[in-house]
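**Student:** no FASTA, just this:
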């Protein structure tokens, strides 16, 4: 028997979502930054000890006070330069760490919004599948007549419109992410938890 309902293909049930591992990457970034700052300070101390020793051993007997003073000034300048390089290195790593933190926050925000959207699509498709199945059962058993038939058809059409609207929102979201410079891999990490939407995502 020919059905008056819109053509629809039921979709498989959604796959449970998984928590992203952004926090582990954030901890690793902080650990690397601390290690690099410690390394920079250690280099400054080594330079200070080395130049200080050179100044002490090179002075020799107090027969040339001017030469000894010159070497001492050179050693002090070298120590200060080493400290300045260590501070600059630490500052750069601090800046890199801050940039990484900002990028991690941006990734979490986009992934959270994307996951919420995909979950809403799964829920809407599940409702549409149920409405379509109910429509087919009623048509097959000839239970849908009059007001009941009109109500079932209205529910089916409303659920279909909801899914279509969410697909448009999905396309808009992906375009906004592209313009904002969001790495495709960020969205792909979320999409792995929604294999039932792979075809719909690839079309948008």
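**Tutor:** Sure thing, it's come through. This is a predicted model, so every value here is computed, not measured.
**Student:** the helices in the protein, which residues?
**Tutor:** 22-59, 65-141, 146-179, 184-191, 198-202 (DSSP state H).
**Student:** JSON lines for these, including mean neighbour count and mean pLDDT?
**Tutor:** All C-beta atoms are positioned from the backbone trio N, CA, C, and that covers glycine. Shown next, in JSON lines, are the helices of the chain (neighbours: other CB atoms under 10 Å; pLDDT from 0 to 100):
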{"stretch": "helix 22-59", "mean neighbour count": "14", "mean pLDDT": "58"}
{"stretch": "helix 65-141", "mean neighbour count": "15", "mean pLDDT": "85"}
{"stretch": "helix 146-179", "mean neighbour count": "14", "mean pLDDT": "91"}
{"stretch": "helix 184-191", "mean neighbour count": "15", "mean pLDDT": "95"}
{"stretch": "helix 198-202", "mean neighbour count": "13", "mean pLDDT": "86"}
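**Student:** ok, residue 199 to residue 129 distance?
**Tutor:** 15 Å (CB to CB, to the nearest Å).
**Student:** please disregard the earlier target; I meant residue 95.
**Tutor:** Counting by CB to CB, the gap from residue 95 to residue 129 is 51 Å.
**Student:** residue 136 now?
**Tutor:** Distance, residue 136 to residue 129, by CB to CB: 11 Å.
**Student:** what does residue 80 give?
**Tutor:** Separation of residue 80 from residue 129 (CB to CB) stands at 73 Å.
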